[in-house]
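Student: Make a model of this:
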Amino acid sequence: MGKDEYAYVLEYLPFGLSDSKDRKAAAVILTDSLGLLLVALKKDVKVEVGLKVYIGENKREEVHHIIQRITPDKLSGNGMISLSERISVIVGENEEKYIDIINKLGSINVRLHSLSLIPGVGKKMVQKILEERNKGPFKSYSDFDSRVGFTSGISKSIEDRIEEELAGSDKYRIFT
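Tutor: Below is the predicted model:
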């Protein structure tokens, strides 16, 4: 996987993070590959939440440099809402990618299957998923939900798992 070229602004911080000594304008962005980054903005640049910004190697319009990777606990309440909304868009736009991941997930060890890390998936559900997967790969979120009987919706569970992984609350990663 190559470097991300673009990211979306989740939160504009006119004076940087609250614990920052450098009180310059910054923003929290989320890349399409689900990297949560704090970036320094160029002088006199203000950005709106939801704006797509270029972060690649060429000349950047808004972003001066990437400061660091951060966790969601650094976000305000509005930033968390923006994060959830952007993750939802990414999961929705990349259905084929995430279904492919589910079709390929295997065991972590003899007692733990990767599928059980997804919120709402217990041991019985893992068995049902594996049985259905053996009949043929899942083709979409709705195909997964109907074949497995997953009433809460796998796309929402994927979104929840991504948020958990970004928070660093689990040593295992599936989607990030």
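
Student: Can you name the next helix or strand after the helix or strand that contains E131?
Tutor: Counting by DSSP states H and E, the element that carries E131 is helix 123-135. Downstream of helix 123-135, the next assigned helix or strand under DSSP H and E is helix 141-148.

Student: What residues of that following helix count as buried?
Tutor: Residues of helix 141-148 classed as buried by neighbour count (16 or more other C-beta atoms under 10 Å): Y141, F144, D145, R147, V148. C-beta here means a position set from N, CA and C on the backbone, and glycine is covered the same way.

Student: confidence score at the second one?
Tutor: Spelled out, it's F144. pLDDT recorded at F144 is 96.

Student: the strands in the chain, which residues?
Tutor: 6-13, 26-31, 36-41, 52-54, 63-69 (DSSP state E).

Student: Quick one, which of these gets closest to R133.
Tutor: strand 26-31 (29.5 Å; C-beta to C-beta).

Student: Could I get the pLDDT score of the closest residue to E11 other than its chain neighbours?
Tutor: Nearest non-adjacent residue to E11, counting by C-beta to C-beta, 6 or more residues apart in numbering: G79, 3.7 Å away. For G79, the model assigns a pLDDT of 93.

Student: For L30, see how far away G79 is.
Tutor: As for G79, its distance to L30 is 10 Å (criterion: C-beta to C-beta, to the nearest Å).

Student: So if I had to pick from the two, which one is more boxed in?
Tutor: L30 (23 against 19; other C-beta atoms under 10 Å).

Student: can you pull the contacts of the more buried one?
Tutor: Contact partners of L30, counting by C-beta atoms under 8 Å, 6 or more residues apart in numbering, are A7, Y8, L10, L36, L37, L83, R86, I87, I90.

Student: count of neighbours near the first one?
Tutor: Look at A7: counted by other C-beta under 10 Å, it has 26 neighbours.

Student: I'd like the distance between the residue nearest to E11 and L38.
Tutor: In this structure, G79 lies at 11 Å from L38, with C-beta to C-beta as the measure.

Student: list the residues that contact both of those two?
Tutor: Joint contacts of G79 and L38 (C-beta under 8 Å, 6+ apart) are V28.

Student: Of all residues in the chain, which one is nearest the centre?
Tutor: Centroid-nearest residue in the chain: L34, 4.1 Å away (criterion: C-alpha atoms, centre = their mean).

Student: Enumerate every residue touching that one.
Tutor: The neighbourhood of L34, defined by C-beta under 8 Å, 6+ apart, consists of I87, I90, I162, E165, L166, F175, T176.

Student: No more questions from me, cheers.
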